[in-house]
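Engineer: for reference, the sequence and a predicted model appear below.
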Amino acid sequence: MLTLQEQLEDAAALIQQAKRIVALTGAGISTESGIPDFRSPGSIWQQQPPVSYQDFIGKPAARQQYWQSRHRLSAQVAAARPNAAHLALAGLEQRQVLLGVITQNFDGLHQDAGHPPEHVIELHGTSRFAACTLCGKRSSMAELQERINAGEVDPRCPVCGGFLKSATILFGQRVPEAELARARTLVNQCDLLLVVGSSLKVVPAATLPHLALKRNVPLLIVNLQPTPLDDYADVVIHEKAGLVLPPLVTMIH
Ligand code: NAD
């Protein structure tokens, strides 16, 4: 069993050799910013199953449940700031060894950490905007949240009357093909795939590392809990991302 220091040295050697790193991040990179993930023991989904897209569209009670469960999450996301792990990835970009970030997160913290928005692919959308489920028109999430907080129960799009929700992907809703295609292209260009804070259980994000593995590109996983691809990774570190990524970036020259 390797010590954390030995794992860090192995990981730093991988990063040192790479010139085109792509990071794939999940909810785990943002837990140290105060936004809980959904799958870890004791988190939201263990208390209440998520609302599916089909239920959201078809059932008024599901829409109410959605807005109730969003209430706390939106306050947590609004208060969150990038943590040491987000800033370390931004540091890799500044060193011009990171091609971009593919994230399952909707919190916008990678952009806040300094990545240009065009270098961040948000597979599951963004909670910074609201979107109509019928015409797709985007609008201010802050204004929509104010309407909800003021007591509006089932907000509708002023343009077409469709149901409004945050511009994020619910269970049962497809990841936009264009975003997925951009993500696949990026992974096909990388010479190191760095997975941070993702259970690698949510598809299609979880399929992206397979593209790298098929090309024999090294895989580095930093995640608190084991993932289904740990055995395929060159280095796996089961530790907090905020503890692991900053020393990794300072270890490379
Ligand atoms: P996930 O695949 O993103 O898994 C999170 C993983 O992070 C877990 O395996 C956990 O062990 C690990 N983790 C937790 N804290 C960590 C830390 N400090 N350092 C390293 N690893 C850590 O899945 P999920 O949490 O079940 O979320 C499902 C989906 O919900 C996500 O794909 C995302 O779209 C969305 N979500 C987004 C946010 C956000 O935007 N911050 C938060 C929660 C959920």
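Structural biologist: Perfect, thanks for sending it.
Engineer: residues from the stretch 151-253 of the chain in reach of the ligand?
Structural biologist: 197-199, 201-202, 222-225, 240-241 (CB under 6 Å from any ligand atom). The C-beta positions use only the backbone N, C-alpha and C, and glycine is treated the same way.
Engineer: apply 8 Å and report the result again.
Structural biologist: 168-169, 196-202, 205-206, 222-225, 227, 239-244 (CB under 8 Å from any ligand atom).
Engineer: what subset of the residues you listed is buried?
Structural biologist: Listed as buried from these are 168-169, 196-200, 202, 205-206, 222-224, 227, 240-242, 244; burial here means 16 or more other CB atoms under 10 Å.
Engineer: in the chain, which spans are helices?
Structural biologist: Taking DSSP state H as the test, the helices found in the chain are 4-17, 44-47, 53-58, 60-79, 84-94, 109-113, 141-149, 177-187, 208-214, 241-251.
Engineer: helices and strands around the longest one, which ones?
Structural biologist: Contact partners of helix 60-79 among helices and strands, from 3 or more CB pairs under 8 Å, 6 or more residues apart in numbering; DSSP states H and E: helix 53-58, strand 125-132, helix 141-149, strand 164-168.
Engineer: show me what counts as buried in the first one.
Structural biologist: In this case it means helix 53-58. Applying a neighbour-count criterion of 16+ other CB under 10 Å, one finds 53, 55-57 buried in helix 53-58.
Engineer: swap in the second one?
Structural biologist: Under the neighbour-count criterion of 16+ other CB under 10 Å, strand 125-132 has 125-132 buried.
Engineer: tell me if it is near the ligand.
Structural biologist: Yes: counting by CB under 8 Å from any ligand atom, the ligand is contacted by strand 125-132 at S127.
Engineer: likewise the third one?
Structural biologist: No: Helix 141-149 lies apart from the ligand when judged by CB under 8 Å from any ligand atom; the minimum separation is 13.1 Å.
Engineer: run the angle between that helix and helix 60-79 for me.
Structural biologist: Going by axes from the mean of the first three to the mean of the last three CA atoms, to 10 degrees, helix 141-149 is angled at 130 degrees with respect to helix 60-79.
Engineer: touching helix 141-149 from outside, list them.
Structural biologist: 67, 70-71, 74, 127-130, 155, 164, 166-167 (CB atoms under 8 Å, 6 or more residues apart in numbering).
Engineer: switch the cut-off to 6 Å
Structural biologist: Helix 141-149 is contacted by residues 67, 74, 128-130, 155, 164, 166 when judged by CB atoms under 6 Å, 6 or more residues apart in numbering.
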